[in-house]
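Asks: only geometry, no sequence info:
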């Protein structure tokens, strides 16, 4: 099983245009005590389809103070995972602060802490879970596009089923994974399938 996240195209070069790493930044903003506490404020996703912004975050919880917010696909900044800038820039602050100012005005304090990570996006923003077209003993798994982590235990069960049952897995798994299979009908997949056919 190859499930290498942002390094997928390093290990499987044919996936270069299919599994694209982008830089992602989250920050914890100073905010009034207790207003964004876990007892009175939920985990959230909020956005505006007209201007194509989607923010997500978490209430104040645990040892890290502040209100946590991220912007889905942040600045759409494609990166090399070995040279990614791990420092928060003024552009990062501006992108995140725009969401704070638009939706959570009272949390518009200074940045207390930040983190830089990566999403691995596919052209249609769906997972890729399938056997390699030329090497059927290899299962490719890019459970990504910004929502893979929260589904990792379920993805692990599906992968285990594919390994134990062989081929595409049991009939139940085949149905569940249909949307995540490699297919020329999915955006960006034709190029990958053609590259595999040539190699």
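Replies: Arrived safely, thanks for sending. All of these numbers come straight from a predicted model, not from anything done at the bench.
Asks: Now for this protein, the helix or strand with the poorest mean pLDDT.
Replies: helix 171-177 (a mean of 78; mean pLDDT, DSSP states H and E).
Asks: Secondary structure of residue 46: a strand, I assume?
Replies: Yes. Under DSSP: H, G, I helix; E, B strand; the rest coil, residue 46 falls within a strand.
Asks: Tell me how many other residues surround it.
Replies: 14 (other CB atoms under 10 Å). (Glycine included, C-beta is placed from N, CA and C.)
Asks: What of residue 78?
Replies: 9.
Asks: State the distance from it to residue 137.
Replies: Noted for residue 78: a distance of 31 Å to residue 137, by CB to CB, to the nearest Å.
Asks: now residue 157
Replies: Here residue 157 is placed at a distance of 20 Å from residue 137 (CB to CB).
Asks: can you check residue 24 too?
Replies: Separation of residue 24 from residue 137 (CB to CB) stands at 33 Å.
Asks: higher neighbour count, the two?
Replies: The neighbour count for residue 24 versus residue 137, taken as other CB under 10 Å, is higher for residue 24 (21 against 6).
Asks: Enumerate every residue touching that one.
Replies: With contact set as CB atoms under 8 Å, 6 or more residues apart in numbering, residue 24 has these partners: 70, 73, 74, 116, 117, 118, 119, 146.
Asks: Shouldn't the second one be within a helix?
Replies: No. Remark: residue 73 does not belong to a helix; assigned using three-state DSSP, it is coil.
Asks: Perfect, I'm done here.
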